[in-house]
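Undergrad: When you get a sec, could you give me coordinates for this:
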Amino acid sequence: MSDNNLNRIPDIDGLLYKFTELLTGEATPERIEMVKIWCLYSHMAKVMPPLVQHWGSEPDHLETKAEIKQLFEQIKKWNQEKNAQSAEPPKNLQ
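TA: Numbers count the residues shown, from 1 in each chain. Have a look, this model is predicted:
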């Protein structure tokens, strides 16, 4: 695979768009970027927990770690709101 192909895989963009929409209820450019960070950080934390723990314990990264935690909480909130809306029974149209 050439470097050109690695820089941009259009099908992944579509997949990420749909994933963001299903996860948060809306796929705005801001939410897509947030979900990218969420996915990457979650994966790294599962695959190499010592690395992520070490990185997060460094004084230089404490503020960024707090921002990532807020990002996780925001995505969780959007997901809960989306799930609550889809669980509501349809409104009677009379």
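Undergrad: what about the helices in the protein?
TA: For the chain, helices defined by DSSP state H occupy the ranges 3-7, 10-24, 29-47, 49-57, 62-87.
Undergrad: What is the second one packed up against?
TA: Here helix 10-24 is seen to pack against helix 29-47, helix 62-87 when contacts are counted using 3 or more C-beta pairs under 8 Å, 6 or more residues apart in numbering; DSSP states H and E. (Glycine included, C-beta is placed from N, CA and C.)
Undergrad: Out of the helices of the chain, name the one with the poorest average pLDDT.
TA: Lowest mean pLDDT within these: helix 3-7, a mean of 59.
Undergrad: on that earlier part again, using CSV, lay out the helices and strands packed on helix 10-24 together with distance to residue 11 and mean neighbour count.
TA: Converted to CSV, those look like this (distance: least, C-beta to C-beta, whole Å; neighbours: other C-beta atoms under 10 Å):
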stretch, distance to residue 11, mean neighbour count
helix 29-47, 15, 14
helix 62-87, 23, 12
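Undergrad: how far does stretch 54-70 sit from the chain's center?
TA: 17 Å (C-alpha atoms, centre = their mean, to the nearest Å).
Undergrad: Need the distance between the two termini of that stretch.
TA: By C-alpha to C-alpha, to the nearest Å, the extent of stretch 54-70 from end to end equals 19 Å.
Undergrad: Give me the contacts around that stretch.
TA: Identification of contacts with stretch 54-70 by C-beta atoms under 8 Å, 6 or more residues apart in numbering yields 37, 41.
Undergrad: if we go to 10 Å?
TA: Applying C-beta atoms under 10 Å, 6 or more residues apart in numbering, the external contacts of stretch 54-70 come out as 37-38, 41-42, 44-45, 48, 52.
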